[in-house]
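A.B. asks: Give me a model of this one.
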Amino acid sequence: MGELLKKLAEKYENYRAERGFTCDCCGREIFTYPRRRLCDDCLSRLPVIFRRCPKCGRAAPTEGICLECKERMPLFDFAVSAYSYEEDAAGLINRMKNGEKYLAYFFAEALAPLLKTALENEGTEKSECVFTCVPDRKKNRIFRGRRYNPAAVLAEKTCALLSVRADDEIMVKARETKPQKRMSAKERFENVRGAYRVHKRAACVGKTAVVFDDILTTGATGSECARILLAAGARRVIVVSAVSVPGKKSFPAFAE
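C.D. replies: Okay, here's the model as predicted:
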């Protein structure tokens, strides 16, 4: 019965992603779906990142490396995000994280060209990369609430647009972490230390590892993933997230 429900849910998600007729954000009827998944009003309100930190990719108040990165430099080479974790973008990503999996298509369509351009600017071919995601739970842990890893879904949909394969088993979770909702930046870095391990080391050797996550808050998770991937032989690590918390703002209580 559970497997049947899962298949029915997947069929609905595919149908909704390909044949939807309402704005993913406000629900207003539109006739551009799926070529454009949001109405004009919602599109105009999206918090696009115009000035970003070249290291963590978050919206920054000034040019150059942001203060957060200067205080604690992440181990990944750089990160890119589609939007700032504000207003409608915050609502959309939290809906995607909590049941509305089809919204991954919207974020993937924004991320694919950003990642393609970033790789081209670095002179990196897609064939030189391994595409993966931040692990969500230990394999033997029973899922509660949502039954999927939002980062894995985001990686799958984005990589499909780039005609590459995402492998969500490059890393696995070594131990469960505490909820990070109310943690400071320092506490988040300590919380994820040693939380993951590389499961497919051979796939990383000499490669640029592209790691997907849903939200980049402090960069702690991406930095820890970079640490173990580099130790496993990866040449470089790039972090890709749907949204990122703007620099020099308090971390939202529901951002993880």
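A.B. asks: CA atoms for contacts and neighbours, from now on please.
C.D. replies: Noted.
A.B. asks: any weak-confidence spans in the stretch 151-256 of the chain?
C.D. replies: In the predicted model of the stretch 151-256 of the chain, residues 248-256 satisfy pLDDT under 70.
A.B. asks: Show me the strands in it, by range?
C.D. replies: 171-173, 196-198, 208-216, 236-244 (DSSP state E, counting those that start in this stretch).
A.B. asks: want to try JSON lines for those strands, with distance to residue 78 and mean neighbour count as columns?
C.D. replies: JSON lines is the format used below for these (distance: least, C-alpha to C-alpha, whole Å; neighbours: other C-alpha atoms under 10 Å):
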{"stretch": "strand 171-173", "distance to residue 78": "19", "mean neighbour count": "20"}
{"stretch": "strand 196-198", "distance to residue 78": "20", "mean neighbour count": "22"}
{"stretch": "strand 208-216", "distance to residue 78": "10", "mean neighbour count": "27"}
{"stretch": "strand 236-244", "distance to residue 78": "5", "mean neighbour count": "27"}
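A.B. asks: out of these, nearest to residue 55?
C.D. replies: In terms of C-alpha to C-alpha, the element of the strands of the stretch 151-256 of the chain nearest to residue 55 is strand 236-244, at 9.8 Å.
A.B. asks: Packing partners of the closest one?
C.D. replies: When contacts are defined as 3 or more C-alpha pairs under 8 Å, 6 or more residues apart in numbering; DSSP states H and E, strand 236-244 sits against strand 78-84, helix 87-97, helix 104-121, strand 208-216, helix 220-231.
A.B. asks: helices or strands up against the second one?
C.D. replies: Same thing as helix 87-97. Packed on helix 87-97, when contacts are counted by 3+ C-alpha pairs under 8 Å, 6+ apart, are strand 236-244.
A.B. asks: got it, and the shortest one?
C.D. replies: Based on contacts counted as 3+ C-alpha pairs under 8 Å, 6+ apart, the elements that strand 78-84 packs against are helix 104-121, strand 236-244.
A.B. asks: Taking strand 236-244 as reference, get the angle to the longest one.
C.D. replies: Orientation note: helix 104-121 sits at an angle of 140 degrees relative to strand 236-244 (axes from the mean of the first three to the mean of the last three C-alpha atoms, to 10 degrees).
A.B. asks: What average pLDDT does helix 104-121 get?
C.D. replies: Per-residue pLDDT over helix 104-121 has a mean of 96.
A.B. asks: send the alpha carbons of that helix over as CSV?
C.D. replies: In CSV, the C-alpha atoms belonging to helix 104-121 read as follows (Å, rounded to 0.1, in the frame of the first residue of the first chain):
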residue,chain,number,x,y,z
ALA,A,104,11.9,21.8,-7.0
TYR,A,105,11.3,22.3,-10.7
PHE,A,106,10.9,26.0,-10.2
PHE,A,107,14.2,26.3,-8.3
ALA,A,108,16.0,23.9,-10.7
GLU,A,109,15.1,26.0,-13.7
ALA,A,110,16.7,29.1,-12.0
LEU,A,111,19.7,27.2,-10.8
ALA,A,112,20.7,25.3,-14.0
PRO,A,113,21.8,28.4,-16.0
LEU,A,114,23.6,29.9,-12.9
LEU,A,115,25.6,26.7,-12.4
LYS,A,116,26.3,26.3,-16.1
THR,A,117,27.6,29.9,-16.2
ALA,A,118,29.7,29.4,-13.1
LEU,A,119,31.3,26.2,-14.4
GLU,A,120,32.0,27.9,-17.8
ASN,A,121,33.6,30.9,-16.0
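A.B. asks: The chain should start at 18 in everything you say after this.
C.D. replies: Okay, using 18 as the starting number, the last item reads as helix 121-138.
A.B. asks: Contacts for that helix, please.
C.D. replies: 34, 54, 97-99, 113, 142-143, 167, 170-172, 174-176, 178-179, 257, 259 (C-alpha atoms under 8 Å, 6 or more residues apart in numbering).
A.B. asks: All set now, cheers.
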